[in-house]
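Peer 1: Kindly return the folded structure for what I paste below:
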Amino acid sequence: MESLAYSQQSAAIPAWKANFLQQVKQRNMTSDGFRDIFQRYTTMSEGHRKLQDKFHQLEVDQMRLTQLNTELLRKVSASQSSEPDPKLLVEFERRVQKLQEELAATYKRSADSANTIIELNARAQETQDLLHRKDEALDDWARRMKAAEQKCRDLMEAVEDRDRTREVLQDELKSINIQVTQMEAKCKSLTAENEQLLQRWIRKMQEEAEKMNDSNALFEELQAARAELEMLRKMNPIGGRVQQEIDETPVRVGSMTVPVPKVVKKIIEAHKGDCNSIAYSARGSMLASGGNDNVIRVWETRSCTLKATLNGSTQSVMCVAFSHDDENIVGASNDNAARLWNLSSGRIKTALTGHQAKVVACAFSGDSQKVITGSQDRTVKVWDLAKGYCIRTIFCLSSCNALAVSADARMICSGHFSAHVRFWDTKSGEMQHEMANAHSNQVTSVTISPDGEYVLTAGRDHVLSLIDVRTYGVVKTFTNENYRNGVNWSHSCFSPDGRYVVGGSNDGAVFIWNVNSGRLETTLKSDHNATVMGSSWSPGGSQLATSDKGGVITIWGSDN
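Peer 2: Numbers count the residues shown, from 1 in each chain. This next block holds a predicted model:
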């Protein structure tokens, strides 16, 4: 019954305590083994002491008997001189014999005692050796016990640390569970909101489809009106003014023939310092310019008068672009940001901040709902204007000097400091193709042709390259011994019909090449006294604008 209770109690004791008790019991069993040795040693020591006392007594008896024998011998010698008594002699002989026997027995007992003492001494020495070994063993067990106790204390501290850690983890788990519950609730809310947004988006797309249908109908009406006005112009000599207004409206590629500019129509002192970028609006009624004086200026194209000055940039404006509805304009600046202005109010609608270096390129998507920016921080960012923040960042491995977006906004083409031209998928942000053979020096300009089938790039290697976006091959290059690309952000352009390409040189000349033949069509020279930085052809084809490092804009036109 007691063993059963002990086993139950042992089952309740932790393993480390049971191990510790087992070691203590083993030590006690080892220590109790010396008890018989101690008792035997004590008994042998007591016997040894008694034998020594007895041996001492025997030595005293031996001395007494020796003295007695000497006395008897003396008496015998004295009696020899007289007649001895026979009885006394017999008595003396008997006593001498008895004493000799006792002496012999005493010698024998003394020898036995000596052997016993020697044996006891040997046993005592063995016992002492055994005790010494046992003492060493006890010392070893004591050290082990001390180490076990220290280990036990360490384990107890570790267990306490584990307990504290477990409590902390339990608290963190509770906190995480609370957060998960909150996130699940938020996810449900966002799912419901997403459903609402999806429905709104579907309705918006339906509205856009209706607007597109209306636009197509309007386009057909404009085409009919254009044909009617063409007939009126032929019938009426004064219809030239009507033709000029129609010429400034957007037309499809192939429906027009653009004349090559030959003469200077207007010179505009646009900026103090470099005029880095110029761009015509989609309808061609406005021209925007950005310069080192940190402002964007908007000009009326017919009168070449200043319409608006857009402030807000804290450093040089490097690139400008109109939205396709001509309601907004975006400017990229060296203050690491791009800004969106409303042309009606002249105020900033949105500041697009997030780049870590100068923003030197910008463009609208085809629906004007997104802006794409390129920076020297080696990224291209896509901004959702409705949301007001960046929805995609593309890491492009090298500083982006220029970019262009296809009409359907599915492709982004970027030109880089590394002389590479890269094509990106706007939706996924993945690189579709990379060209390293278009230029031998950094790319300064990227422009998509009006039909969307080609990309025109300019480089500091003084070459313009025409790239087929279907095959990613360079199909033609344009160069001249006098053409020198003088700046890292020199912008080239197509004519609206796609028949000509334009490049500005560091000597102030403007070079125009024929796309089909690849030959130089003409070289325009004016009062440009500085490197030509930008070029833009009006959508109607009646004007070509160029800008230079002196802040001057030159408007070119045909001689008729």
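
Peer 1: Check Met183 and give its pLDDT.
Peer 2: Model confidence at Met183, expressed as pLDDT, equals 87.

Peer 1: Would you mind giving the secondary structure of it?
Peer 2: helix (DSSP: H, G, I helix; E, B strand; the rest coil).

Peer 1: which residues sit in contact with it?
Peer 2: Under the criterion of CB atoms under 8 Å, 6 or more residues apart in numbering, Met183 has no neighbours. Just so you know, the C-beta spots here come from the backbone N, C-alpha and C atoms, and that holds for glycine as well.

Peer 1: ok, now Leu103?
Peer 2: Taking CB under 8 Å, 6+ apart as the test, what Leu103 contacts is Gln62, Leu65.

Peer 1: mind redoing it with 10 Å?
Peer 2: The neighbours of Leu103, taking CB atoms under 10 Å, 6 or more residues apart in numbering as the test, are Leu58, Asp61, Gln62, Leu65, Thr66, Asn69.

Peer 1: out of these, which is most surrounded?
Peer 2: Leu58 (18 neighbours; other CB atoms under 10 Å).

Peer 1: where along the protein do the helices fall?
Peer 2: 2-12, 15-32, 35-80, 86-235, 240-247 (DSSP state H).

Peer 1: So which of these is nearest Lys370?
Peer 2: Among those, the nearest to Lys370 by CB to CB is helix 86-235 (14.7 Å).

Peer 1: quick one: that closest one to helix 35-80, angle?
Peer 2: Orientation check (axes from the mean of the first three to the mean of the last three CA atoms, to 10 degrees): helix 86-235 against helix 35-80 gives 160 degrees.

Peer 1: what about the residue most central in space within the chain, distance to Thr379?
Peer 2: In the chain, the centroid-proximal residue (CA atoms, centre = their mean) is Phe395; its distance is 14.3 Å. In this view, Phe395 and Thr379 are 6 Å apart by CB to CB, to the nearest Å.

Peer 1: how far does stretch 373-386 stretch from start to finish?
Peer 2: 16 Å (CA to CA, to the nearest Å).

Peer 1: Enumerate the positions of that stretch that are buried.
Peer 2: Neighbour counts over stretch 373-386 (16 or more other CB atoms under 10 Å) mark Thr373, Gly374, Ser375, Gln376, Asp377, Arg378, Thr379, Val380, Lys381, Val382, Trp383, Leu385 as buried.

Peer 1: where does the stretch 451-560 of the chain dip in pLDDT?
Peer 2: Counting by pLDDT under 70, the stretch 451-560 of the chain shows low-confidence ranges at 527-528, 560.

Peer 1: in it, which spans are strands?
Peer 2: 454-459, 464-468, 473-478, 493-494, 500-504, 510-514, 520-524, 532-537, 544-548, 552-557 (DSSP state E, counting those that start in this stretch).

Peer 1: Kindly report the same for the stretch 301-450 of the chain.
Peer 2: Along the stretch 301-450 of the chain, counting by DSSP E, counting those that start in this stretch, strands occupy 306-310, 317-322, 328-333, 337-342, 348-353, 359-364, 370-375, 379-384, 389-395, 400-405, 411-416, 421-425, 431-435, 443-448.

Peer 1: In terms of secondary structure, what does the fourth one contact?
Peer 2: Taking 3 or more CB pairs under 10 Å, 6 or more residues apart in numbering; DSSP states H and E as contact, the helices and strands that strand 337-342 lies on are strand 296-300, strand 306-310, strand 317-322, strand 328-333, strand 348-353, strand 359-364, strand 370-375, strand 379-384.

Peer 1: Also the first one?
Peer 2: Contact partners of strand 306-310 among helices and strands, from 3+ CB pairs under 10 Å, 6+ apart: strand 286-291, strand 296-300, strand 328-333, strand 337-342.

Peer 1: Tabulate these (a markdown table), appending mean pLDDT.
Peer 2: A markdown table is the format used below for the helices and strands packed on strand 306-310 (pLDDT from 0 to 100):
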| stretch | mean pLDDT |
| --- | --- |
| strand 286-291 | 96 |
| strand 296-300 | 95 |
| strand 328-333 | 96 |
| strand 337-342 | 94 |
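
Peer 1: Out of these, flag the one nearest Gly312.
Peer 2: strand 337-342 (5.3 Å).
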